[in-house]
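Participant: Dropping a prediction and its sequence here:
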Amino acid sequence: MSERPRIVLELKGIRRTFRQGGVTLEVLRGIDLAVQRGETVALLGPSGSGKSTLLHIAGLLEKPSEGQVIIAGQDCTRMGEHQRTLTRRHRIGFVYQFHHLLPEFSALENAAMPLRIRGEKEKPAKHLASDILKDLGLMDRLDHRPARLSGGEQQRVAIARALVGKPDLLLADEPTGNLDEKTAETVFGELVAMVRNFGIGALIATHNIDMAKRMDRIVALHEGRLYTAASTE
Ligand code: ADP
Ligand code: MG
């Protein structure tokens, strides 16, 4: 396996069906997508169109009913759970709509967590995390627990946590969907700038077209299929 393949996410023929009470729901009906290193791709689609399902599959949190997921050149289709977990830990950063920070830990400890889980020492892990938090304007909030941060600050800590390990791929599921309009715009801008700065490939779900337009490329989910909506250049 080469260390830095050009394509960080490749989805091939992804299908996902849910069976519920005798009814089969075909949420994804054959999705193909490639995200290049350093490229930001917006995933548009109305509520219920399958954005979260697609991101969970790309992030190795769920398995597709059919199809292949290739992360930074590694085919994850036949990987066992342990290997999937390691790939997720080392290759992928995830930002959810709700911050999912650990309430008992400080902003700094939360942001450093992925490096600690990888087994890195406390001091260098915190050093890296504090650099990112400072870039996000949180230098005075490092010791605050999540409950003592504003919504925008909490989401910035979640962004720092997703990026601290310099993943190949960032996946974000409506990362500013829970913030007021003005804060959402600022935080979204910071996220895109930071991802570009680090040269990370990103797939970010949003239903806000203005935010999507700030990214390199837009794809849209409609009735289980993915369409190229526009180039934003
Ligand atoms: P989005 O993120 O675009 O709002 P989702 O991926 O959350 O869409 O959901 C897409 C569709 O799949 C919805 O109709 C939802 O009800 C259905 N769905 C998602 N997860 C499950 C599940 N675990 N079991 C059954 N149906 C599901
Ligand atoms: Mg969703």
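Facilitator: On my side now, so go ahead. Ligands and ions are numbered 1, 2, ... in the order given.
Participant: Please work out how many residues are found near L61.
Facilitator: Neighbours of L61 under the rule other C-beta atoms under 10 Å: 14. Any C-beta I mention is one placed from the backbone N, CA and C, and that applies to glycine too.
Participant: residue contacts, it?
Facilitator: L61 makes contact with 88, 94 under the criterion C-beta atoms under 8 Å, 6 or more residues apart in numbering.
Participant: Can you check the pLDDT for the residue of the chain found nearest ligand 2?
Facilitator: The chain approaches ligand 2 most closely through S52 (3.2 Å), counting by C-beta to the ion. The per-residue pLDDT reported for S52 equals 97.
Participant: quick one: it is in a strand?
Facilitator: No: counting by DSSP: H, G, I helix; E, B strand; the rest coil, one finds S52 to be helix, located in no strand.
Participant: number of nearby residues for it?
Facilitator: S52: 20 neighbours (other C-beta under 10 Å).
Participant: what separates it from T183, distance-wise?
Facilitator: Separation of S52 from T183 (C-beta to C-beta, to the nearest Å): 22 Å.
Participant: circling back: wait, doesn't the residue of the chain closest to ligand 2 sit right on D173?
Facilitator: Yes: contact between S52 and D173 holds when scored by C-beta atoms under 8 Å: they sit 5.5 Å apart.
Participant: and for those two, which residues touch both?
Facilitator: A205.
Participant: if we look at whichever helix in the chain runs longest, which residues are touching it?
Facilitator: Longest helix in the chain, counting residues (DSSP state H): helix 181-198. Helix 181-198 has contacts (C-beta under 8 Å, 6+ apart) with 38, 40, 95, 132, 135-136, 150-152, 155-156, 159, 163, 166, 170, 172, 175-177, 179, 202, 204, 206, 208, 211, 214-215.
Participant: List the ones among the residues you listed that fall in strands.
Facilitator: 40, 95, 170, 172, 202, 204 (DSSP state E).
Participant: from what I can see the second one touches L170, true?
Facilitator: It stands for V95. Yes: judged on C-beta under 8 Å, V95 makes contact with L170 at a distance of 7.2 Å.
Participant: Between those two, point out the one with more neighbours.
Facilitator: More crowded of V95 and L170, by other C-beta under 10 Å: L170, with 27 against 23.
Participant: check contacts around that one.
Facilitator: Residues near L170 by C-beta under 8 Å, 6+ apart: 92-95, 162-163, 195, 200-204.
Participant: Only the buried subset of those residues, as a ChimeraX command please.
Facilitator: To isolate the buried ones among the contacts of L170 in ChimeraX, judged by 16 or more other C-beta atoms under 10 Å, type:
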select :92,93,94,95,162,163,195,200,201,202,203,204
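Participant: okay if I get the contacts of L170 as CSV plus distance to ligand 1?
Facilitator: Shown next, in CSV, are the contacts of L170 (distance: C-beta to the nearest ligand atom, whole Å):
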residue, distance to ligand 1
I92, 18
G93, 19
F94, 14
V95, 14
A162, 18
L163, 22
V195, 20
I200, 22
G201, 20
A202, 17
L203, 13
I204, 13
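Participant: Going by distance to A58, which of the contacts of L170 wins?
Facilitator: Distance to A58 across the contacts of L170 (C-beta to C-beta) is lowest for L203, with 6.4 Å.
Participant: Now for the closest residue to that closest one other than its chain neighbours, how many residues are close by?
Facilitator: Excluding the flanking residues, the one nearest L203 by C-beta to C-beta, 6 or more residues apart in numbering is V41, at 5.1 Å. Neighbours of V41 under the rule other C-beta under 10 Å: 19.
Participant: if I read this right, V41 contacts T206, doesn't it?
Facilitator: No: in this structure, V41 is not within contact of T206 by C-beta under 8 Å, at 11.0 Å.
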